[in-house]
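Enquirer: how does the following fold in three dimensions:
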Amino acid sequence: MIFKRDNLKLGLLLGLFGPVIGLVAVYLIKTEFRGLRFLEFLDLFINSNKLITSIGALSLLANVILFTIYINTHRDNTAKGIFLVTLIYGIGILILKILN
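Expert: Modelled structure (predicted):
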């Protein structure tokens, strides 16, 4: 199975998609966004300083879960890829917050 491999490229790929899945999960779970279409939700997320921090952190939790799973199963190369992409996402969220 692909998720049992220990590969840096796999970690980078999982790290890229984890926050996207986390963002979609936040959109579907949070009741205050039910009246918005997804693109409207993304626009609100990008343009609101308060939401950038809270929703950005919640979406990165998906990578924290993935990272923990791969570290605990001793697949360190995959975990390194997830961690690297998480840092890049975090820096991107910080820059987005500063520029707003």
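Enquirer: mind checking the SS state of the residue nearest in space to the middle of the chain?
Expert: Nearest residue to the geometric centre of the chain (C-alpha atoms, centre = their mean): Pro19, 1.9 Å. Look at Pro19: counting by DSSP: H, G, I helix; E, B strand; the rest coil, its state is helix.
Enquirer: I'd say it and Ala57 touch.
Expert: No - counting by C-beta atoms under 8 Å, Pro19 stays clear of Ala57, with 10.2 Å between them. Heads up, the C-betas are built off the backbone N, CA and C, glycines and all.
Enquirer: residues touching the one helix or strand Thr53 maps to, excluding its own?
Expert: Taking DSSP states H and E as the criterion, Thr53 maps to helix 49-72. With C-beta atoms under 8 Å, 6 or more residues apart in numbering as the test, helix 49-72 has contacts from 11, 14-15, 18-23, 25-26, 44-46, 76, 78-79, 82-83, 85-86, 89-90, 93, 96-97, 100.
Enquirer: quick check: next helix or strand after that helix?
Expert: Sequence-wise, the next helix or strand downstream of helix 49-72 (DSSP H and E) is helix 76-99.
Enquirer: contacts for that following helix, please.
Expert: Counting by C-beta under 8 Å, 6+ apart, 5-16, 18-19, 46, 49, 52-53, 56-57, 60, 63-64, 66-67, 70-71 sit against helix 76-99.
Enquirer: just the buried ones among those residues, please.
Expert: 10-15, 18-19, 52, 56, 60, 63, 66-67, 70 (16 or more other C-beta atoms under 10 Å).
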